[in-house]
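Chemist: have a look; sequence and predicted model below, questions after that.
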Amino acid sequence: MSLFPLINQDFNRKLLLNTLENDRVANSYLFYGPEGGGHEGFALEFTAMLNCISDNERPCGKCPSCRKMKTLEHANLQLIFPMPIKKDRSSDNQPFKSLSQSEIAEIQNIIKKKSENPYEKISIPNAKHISINFIREIKRTIYLTSPEKGWKVVIVFDAHLMTEQASNAFLKILEEPPPKSVFILTSSNPSNLIPTIQSRCQPIYFPPLSLSSLESVLSSKGIPESSRHLIISLSSGDLNQAIDLSETDLTKLKESTLEILRSIAVWNIEKIYKLIETLSILYKQEPENFTQLMLSLSFWFRDAATLKIGCPNTELIHSDLKTEISKFVKAFPDFNGFKMNTSIENCIDFIKRNVYINLALLNMFFKIRDTINPGKNK
Ligand SMILES: [Zn+2]
């Protein structure tokens, strides 16, 4: 069974159980993969497997160890994650001492949420790094005897966010690990870990969840089929983001996508300038919604190209807009879906590189116009 609500990844589950049964537990692991694939949740699950006292299936979910692990309150478990770096250096060695009561309550609440939904990121406001103080804290406690039997496990979430100092201090611990201890680093960006840490850890890759797993989770939450494909595509397979999106109203996103397409088709330059101004404000105030709108636009062209080559409607991302997409394909039979998507990608890329956003958008609008009607505007 699974102690935490995790989705498949059967291969890795078996792999971890085998290492346990064959007594081949490594000192340090790197669980990595894209966000939402479950690498963080499986770090918790493996900790539960290691400490479960059942003779049968592990984790059993019933023994005292599993019960404590389920709420992440086991004395053998230590969680490290990015925290805001405090200016007050007086409590350097014991980082949690510098936190206020309300900050501690907030962190406890975030950890509780993590235990209920292992796909949810531990995200503390203004936390960008894992500082050396937290690694010193590990060093201070890992060599002490635990009141619990079993394996002491330190999980470092988002390990790639360790500062250079923290990484070097952590490497020293990895070089002299105490017996019956396991370090699990988790990361969606493992290439940012220092190579000496990478090479010390046994890597285990957690691929993104399959389309069918995501579909069935969304379906179990009552999300209609017409929205599922769009939600999954917008979240790039990240389950947590998909669940967040399933709780938001996507009507506005679809309407804005259609509005952009209509203005390009009609091409009134005054209206285009106004629309660019609105998009530029959206980017500055709600960058995530802006990115979603750009993705939605590129899915539209991908869908149009899908219909153009005669693929069935079931393949569409914007499946509930198929009437509009069909009309578009009929009205602009010569459009080039690939070039359109390149224009959108270039625009996003320019904006990321801080190119003047209005200019990047105007450029994108012109390019899309020219690919909708190749040759007409030259
Ligand atoms: Zn158990």
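Modeler: Cool, got the structure.
Chemist: how about Ser263, what does it touch?
Modeler: The contact partners of Ser263, by Cβ atoms under 8 Å, 6 or more residues apart in numbering, come to 271-272, 275, 365. Where C-beta positions appear, they are placed from N, C-alpha and C, glycine not excepted.
Chemist: who wins for neighbours among these?
Modeler: Among the contacts of Ser263, Phe365 has the most neighbours (other Cβ atoms under 10 Å), with 21 neighbours.
Chemist: tell me the spacing between Ser181 and Glu175.
Modeler: Going from Ser181 to Glu175 by Cβ to Cβ, to the nearest Å gives 13 Å.
Chemist: Leu211 too?
Modeler: Applying Cβ to Cβ, the value for Leu211 to Glu175 is 42 Å.
Chemist: quick one: which of these two has more around it?
Modeler: Neighbours were counted for Leu211 and for Glu175 using other Cβ under 10 Å; Leu211 has more, 13 against 10.
Chemist: next, count neighbours for the closest residue to the more buried one other than its chain neighbours.
Modeler: Counting by Cβ to Cβ, 6 or more residues apart in numbering, Leu211 lies nearest to Ile232, which is 6.5 Å off, once chain neighbours are set aside. Ile232: 24 surrounding residues under other Cβ under 10 Å.
Chemist: how about the helix or strand that Ile232 is a member of: buried residues?
Modeler: Assessed by DSSP states H and E, Ile232 sits inside helix 225-234. Buried residues in helix 225-234, counted by 16 or more other Cβ atoms under 10 Å: 227-234.
Chemist: residues contacting the closest residue in space to Asn189 that isn't next to it in sequence?
Modeler: Of all residues not flanking Asn189 in the chain, His160 sits nearest, at 4.5 Å (Cβ to Cβ, 6+ apart). Neighbour list for His160: 187-193 [criterion: Cβ under 8 Å, 6+ apart].
Chemist: if we go to 6 Å?
Modeler: 187, 189, 192-193 (Cβ atoms under 6 Å, 6 or more residues apart in numbering).
Chemist: overlap between those and the residues near the ion?
Modeler: Residues of the contacts of His160 in contact with the ion (Cβ under 5 Å from the ion): none.
Chemist: just the buried subset of the residues you listed, please.
Modeler: Here, 16+ other Cβ under 10 Å leaves 187, 193 buried among the contacts of His160.
Chemist: tally of neighbours for the residue of the stretch 251-378 of the chain found nearest the ion?
Modeler: Proximity of the stretch 251-378 of the chain to the ion (Cβ to the ion) peaks at Glu288, 39.6 Å away. Neighbourhood size, Glu288 [other Cβ under 10 Å]: 8.
Chemist: for it, give me the pLDDT.
Modeler: On the pLDDT scale, Glu288 is placed at 88.
Chemist: kindly report the same for Met1.
Modeler: 78.
Chemist: use 301 as the first number for this chain going forward.
Modeler: Taking 301 as the first residue, the last one we looked at is Met301.
Chemist: distance of the residue nearest to it when sequence neighbours are not counted from Asn646?
Modeler: Leaving aside its sequence neighbours, Met301 sits nearest to Gly361 (Cβ to Cβ, 6+ apart; 5.6 Å). Gly361 sits 50 Å away from Asn646, going by Cβ to Cβ.
Chemist: likewise Pro507?
Modeler: 29 Å.
Chemist: which strand residues bridge Leu379?
Modeler: Beta-bridge partners for Leu379, by DSSP bridges, are Ile455.
Chemist: so it makes contact with Val456?
Modeler: No: look at Leu379 against Val456 with Cβ atoms under 6 Å: they stay out of range, at 8.3 Å.
Chemist: out of these two, which sits in the more crowded spot?
Modeler: Ranked by neighbour count (other Cβ under 10 Å), Leu379 and Val456 place Val456 first, with 29 against 18.
Chemist: who's in contact with the more buried one?
Modeler: 380, 485.
Chemist: I'd like to know how far the nearest residue to Pro490 once chain neighbours are set aside sits from Leu485.
Modeler: Computed as Cβ to Cβ, 6+ apart, the closest residue to Pro490 that is not its neighbour in sequence is Tyr332, at 4.4 Å. Relative to Leu485, Tyr332 is positioned 8 Å away (criterion: Cβ to Cβ).
Chemist: which residues touch Ser546?
Modeler: Ser546 neighbours (Cβ under 6 Å, 6+ apart): 518, 521, 523, 531.
Chemist: which two among these are spaced furthest apart?
Modeler: Greatest spatial distance among the contacts of Ser546 (Cβ to Cβ): Lys521 and Ile531, at 10.2 Å.
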